[in-house]
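J.: Could you look at this predicted model? Sequence included:
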Amino acid sequence: MAETQRELLSKLPKEKLLDYVEMLHKNFWTLQNTWMLHVNKKYGQEAAEEFDSLVMGHTCEVEIYRAKKFLDLGNDFTALKTAYDYSNLGMDMDYEWEIGDDKAVMRVTRCGMQLGRRKSDLPELPCKEIGFKVWPPITGVIDPKIKTSCVICPPDPHTEDLWCEWEFRFED
């Protein structure tokens, strides 16, 4: 009888297992970026953005739900940050969180996806609209009272060390 993947993984040394998890993150983003590139080539940027917002909105909601359950997280801003930290979402980007009593702020200071688009001679993805389809389902998993607002996100002008900034507040 063949070994299950879980059995095989249990035999890996810790460092190799961490490398494997990182490889899975990269595989996720390779798939996401590849299908979007092909939709863009065949149907245009507008269709690619529309389908990206639909797919990523649902995918991110499920991913955050699973992280919240797996880590037994609460319903506060720290839970939002922690679930995000353990998701695929922040892979290939540098970001920072500022968490206060009444709001949380997440800033992307280096965006590998946008930098990759530049290397491929593609324009920046205007991801602000996509962000509004992704963040509310994510925050809704943590607590439906968390509301999302955008400070800056492409197509907004930005600096090289601040690609986007999102704010989260509890509302009644």
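T.: Received the coordinates, thanks.
J.: which secondary structure element contains residue 64?
T.: If you go by DSSP states H and E, residue 64 is part of helix 45-71.
J.: buried sites along that helix?
T.: For helix 45-71, a neighbour-count test (16 or more other C-beta atoms under 10 Å) marks 48-50, 52-53, 55-57, 59-61, 63-65, 67-68 as buried. (Glycine included, C-beta is placed from N, CA and C.)
J.: List the buried residues in whichever helix or strand comes after that helix.
T.: Sequence order places helix 77-85 as the next helix or strand after helix 45-71, per DSSP H and E. For helix 77-85, the neighbour count (16+ other C-beta under 10 Å) marks 77, 79, 80, 81, 82, 83, 84 as buried.
J.: What of stretch 151-163?
T.: Under the neighbour-count criterion of 16+ other C-beta under 10 Å, stretch 151-163 has 152, 153, 154, 158, 163 buried.
J.: Tabulate the CA atom coordinates of the helix or strand of the chain with the lowest mean pLDDT in PDB.
T.: Lowest on mean pLDDT, DSSP states H and E among the helices and strands of the chain sits helix 112-119, with a mean of 87. Extracted C-alpha coordinates of helix 112-119, given in PDB (Å, rounded to 0.1, in the frame of the first residue of the first chain):
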ATOM      1  CA  GLY A 112       6.400  41.100  -5.800                       C
ATOM      2  CA  MET A 113       3.400  40.700  -8.000                       C
ATOM      3  CA  GLN A 114       3.500  44.200  -9.300                       C
ATOM      4  CA  LEU A 115       7.300  44.100  -9.700                       C
ATOM      5  CA  GLY A 116       7.000  40.900 -11.600                       C
ATOM      6  CA  ARG A 117       4.500  42.600 -14.000                       C
ATOM      7  CA  ARG A 118       7.000  45.300 -14.600                       C
ATOM      8  CA  LYS A 119       9.700  42.700 -15.400                       C
END
